[in-house]
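**Student:** No letters, just coordinates:
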């Protein structure tokens, strides 16, 4: 199944994030004009994107993929809310343990059903960043060369660079949850039991207090 991502995502869901109003002084801030171009994001940026994701992504994909995505977003938001609780009991930890298992099951279903149905590629900024890294690497190698050979190699590299554009070198991207961050999700419940709630070793509370004192 082929899907025209460029056309469909031109105004959706990028502009939907922009349409979401702010809530409180620091709870939900105004999103940038293009949420996919956000760089150097802090934890609060990812948190805001997740908390507002369900109405933004609703209708992005055809059924049954839309239902799978919305269920996954809801479960992730549920898990995130449990992980940030400032007071836990044995009951809430048992619930969080069950929700963690549900997150794993739904991510596997997302990869097996949704990801396998669509072909996705790198973003333009990812291609441009990779091209810059390659150019810097080439420049360093050229700097180590001497004489006519160096000039000849530089000329060949310039000719090759002029023939390559970000549009024709966009690599296919596949969803990968074989990472440490996904693996660490299963350790949250035991970590909270051993060290206490996550706000005990997070700097977010201090940052919020500083912002409130300065405003």
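**Tutor:** Done, it's in. Here the structure is a predicted model, which means the values were calculated and not measured.
**Student:** Could I get the phi/psi values of residue 180?
**Tutor:** Taking degrees, to the nearest 10, you get phi -70, psi -40 for the backbone angles of residue 180.
**Student:** That one - how many residues pack around it?
**Tutor:** Taking other C-beta atoms under 10 Å as the neighbour definition, residue 180 ends up with a count of 6. In short, each C-beta sits where N, CA and C put it, glycine included.
**Student:** how near is residue 96 to residue 191?
**Tutor:** When distances are taken as C-beta to C-beta, to the nearest Å, residue 96 and residue 191 turn out to be 11 Å apart.
**Student:** Tell me which of these two has more neighbours.
**Tutor:** When residue 96 is set against residue 191 and neighbours are counted by other C-beta under 10 Å, the residue ahead is residue 96, at 20 against 13.
**Student:** helix, strand or coil for the more buried one?
**Tutor:** In the three-state summary, residue 96 is assigned as helix, counting by DSSP: H, G, I helix; E, B strand; the rest coil.
**Student:** Distance of it relative to residue 200?
**Tutor:** 16 Å.
**Student:** and what of residue 97?
**Tutor:** 19 Å.
**Student:** The two: which is more packed in?
**Tutor:** When residue 97 is set against residue 200 and neighbours are counted by other C-beta under 10 Å, the residue ahead is residue 97, at 15 against 10.
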